[in-house]
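> Only the shape, not the letters, is given here:
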């Protein structure tokens, strides 16, 4: 089971990998994340279109109600609700693209906290995607999400060097 937050779902939808994610993994999210997706979908930009693509596939996600989300200076309500869900459901992974929140999220759940490109690496390991396509997706993701030169871009590239 994978728990995905808003940023991860928007990232994967922005590079047209949402269908593969949902086909290959048991993906869970929270009502809080769905609300954030609805807010993001109101924007007339690539992020808004990606959020709408996730909402259009909402029936293929398992949306969970959770208690009070964990919120700190670095963990927002969407990520915090995902952490609560991951803890409650003993999820293997919590996927988020907020690097600043990663250390604090890891401290509040046993789930492995990872960025969305780990899904691309997993798809390569499952022979669903070849490594060249996955690396091209990382480049598209970096362009779509303004990651070029950012620490998250370097971390995404490193996933394919392991």
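Now that the structure is in, tell me what you want to look at. Nothing here was measured: the structure is a model prediction, and the numbers come from that model.
> ok so residue 80 is a helix residue?
Yes. When classified by DSSP: H, G, I helix; E, B strand; the rest coil, residue 80 is found to be part of a helix.
> Quick check: it touching residue 66?
No. Contact status for residue 80 versus residue 66: not in contact, 9.2 Å apart, counting by CB atoms under 8 Å. Where C-beta positions appear, they are placed from N, C-alpha and C, glycine not excepted.
> shared neighbours, these two?
In terms of CB atoms under 8 Å, 6 or more residues apart in numbering, residue 80 and residue 66 are both contacted by the residues residue 32.
> Look at the two and report which has more neighbours.
Per other CB atoms under 10 Å, whichever of residue 80 and residue 66 has more neighbours is residue 80, with 24 against 20.
> which residues does the more buried one contact?
Applying CB under 8 Å, 6+ apart, the residues near residue 80 are 32, 69, 70, 71, 72.
> So which of the residues you listed are in strands?
With strands defined by DSSP state E, no entry of the contacts of residue 80 lies inside them.
> Restrict those to the buried ones and give me that as a ChimeraX selection.
Of these, the buried ones can be selected in ChimeraX as follows, counting by 16 or more other CB atoms under 10 Å:
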select :32,69,70
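> Make a markdown table out of the contacts of residue 80 and add pLDDT and distance to residue 43.
Formatted as a markdown table, those follow (pLDDT from 0 to 100; distance: CB to CB, whole Å):
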| residue | pLDDT | distance to residue 43 |
| --- | --- | --- |
| 32 | 97 | 18 |
| 69 | 92 | 23 |
| 70 | 93 | 26 |
| 71 | 92 | 23 |
| 72 | 92 | 26 |
